[in-house]
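Novice: 3D, please:
(chains A and B)
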Amino acid sequence: MTPLQVCLLFSALLFATGFAGAVTRRHAILVLIGIELMLNAANVNLIAFWRFGPHPEALTGFIFVLFSMALAAAEAAVGLALVIAIFRHKKTSNLDEVKDLKG
Amino acid sequence: MSLFLVITFVVTLLAAVAAMSLRNLVHCALMLAIAFSGIAAAYLQLNAEFAGFTEILVYVGAIAILIVMAILLTRSGEAPEKSVLTSGWLAGVVVTVMVFTTLGWAVLNSTALPPPPVEAPQATVKNIGDMLMTRYILPLEIIALMLTAAMIGAVIIAFKEDGKSKSSQGNETPIQIGNQPEPLPAGSVESRKEGVA
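Specialist: Numbers count the residues shown, from 1 in each chain, chains lettered A, B, ... in the order given. Sure thing, here's the model as predicted:
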């Protein structure tokens, strides 16, 4: 295996871990943690392709990672705010009990 | 491919699995911080130093703390007695295995992977700044606008609902008025709203 393939396999494993947590856990914050792990796996992919790709001087993957981190930070802030709002409304953060859109 | 990088990968994966499988949410958040640190260490070894330090600043410094704050605010710090898995967790596991199988097969069998470069690339802060200020200036501005909008949106969503919105929603339905201990005279709706507020 080339170094690029090792990095990509690591990223695939990380993505699968985050995905498993996001679809199997019932706590809303755990789902957000899983989504963060998946975003990080995508970032690892971008960095690996930048590092082992043909044109690293263009810095394309690198800049993409910086923007993706900013997006992930915004997503985490809004997502956790939604979790807090739902908790205040329904007194639970168990996703099996949050089924209806009506407040 | 140094041995240290492989060790970093293994530690990161173990921390990620622990973050997704522990019962206590605070432990999950701490394991998540370790996983983020591992990813930052991997970035540092892949010659992406700036991305590594940004990862530490943004993820370990901000997002992990934010998650801990959310755990404490929703009072879910102690482990639940009931199951922590959703009702359809088996289907989730099946889909996860399928996703990983597809990804792993694609990585191992792809013929489109580029050949390794002759020498390791360098991403100095000066180069990154030059790129951000010239070629990527428009995405940078859009990200700045989006961060501002997300910050305002998060504050509005999580803002504590005070009496204004609650009274205007609750007190105008007849059931709520009927539940009041004593009927208020008509025409004092405004004063009642202020009293509740």
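
Novice: the helices in chain B, which residues?
Specialist: B:3-21, B:25-45, B:49-55, B:64-73, B:89-109, B:125-133, B:137-158, B:163-170, B:174-178, B:189-196 (DSSP state H).

Novice: now chain A
Specialist: Applying DSSP H to chain A gives helices spanning A:3-24, A:28-52, A:60-90.

Novice: need those helices in JSON lines with distance to chain B and mean neighbour count, can you?
Specialist: The C-beta positions use only the backbone N, C-alpha and C, and glycine is treated the same way. Output for the helices of chain A, formatted as JSON lines (distance: least, Cβ to the nearest Cβ, whole Å; neighbours: other Cβ atoms under 10 Å in any protein chain shown):
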{"stretch": "helix A:3-24", "distance to chain B": "3", "mean neighbour count": "22"}
{"stretch": "helix A:28-52", "distance to chain B": "5", "mean neighbour count": "23"}
{"stretch": "helix A:60-90", "distance to chain B": "4", "mean neighbour count": "19"}
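
Novice: not counting sequence-adjacent ones, nearest residue to the most centrally placed residue in chain B?
Specialist: Centroid-nearest residue in chain B: B:I63, 6.5 Å away (criterion: Cα atoms, centre = their mean). With Cβ to Cβ, 6 or more residues apart in numbering or on different chains as the criterion, B:I63 has its nearest non-adjacent residue at 4.8 Å, and that residue is A:A76.

Novice: wait, isn't the one you found in contact with A:I29?
Specialist: No. In this structure, A:A76 is not within contact of A:I29 by Cβ atoms under 8 Å, at 10.5 Å.

Novice: and for the two, which residues touch both?
Specialist: Among the neighbours of A:A76, those also in contact with A:I29 (Cβ atoms under 8 Å, 6 or more residues apart in numbering or on different chains) are B:I67.

Novice: just to revisit the earlier point, between the helices of chain B, which gets nearest to A:F10?
Specialist: helix B:3-21 (4.5 Å; Cβ to Cβ).

Novice: on contacts alone, who are the packing partners of the closest one?
Specialist: In terms of contacts (3 or more Cβ pairs under 8 Å, 6 or more residues apart in numbering or on different chains; DSSP states H and E), helix B:3-21 is packed against helix A:3-24, helix A:28-52, helix B:25-45.

Novice: which one of those helices lies closest to B:R135?
Specialist: With Cβ to Cβ as the criterion, B:R135 lies closest to helix A:28-52 of these, at 15.2 Å.

Novice: so which elements touch that closest one?
Specialist: Packing partners of helix A:28-52 (3+ Cβ pairs under 8 Å, 6+ apart): helix A:3-24, helix A:60-90, helix B:3-21, helix B:25-45, helix B:49-55, helix B:64-73.

Novice: turn these into CSV, including mean pLDDT and distance to A:A41.
Specialist: Listed next are the helices and strands packed on helix A:28-52 as CSV, based on pLDDT from 0 to 100; distance: least, Cβ to Cβ, whole Å:
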stretch, mean pLDDT, distance to A:A41
helix A:3-24, 93, 4
helix A:60-90, 90, 11
helix B:3-21, 94, 9
helix B:25-45, 94, 9
helix B:49-55, 93, 13
helix B:64-73, 90, 17
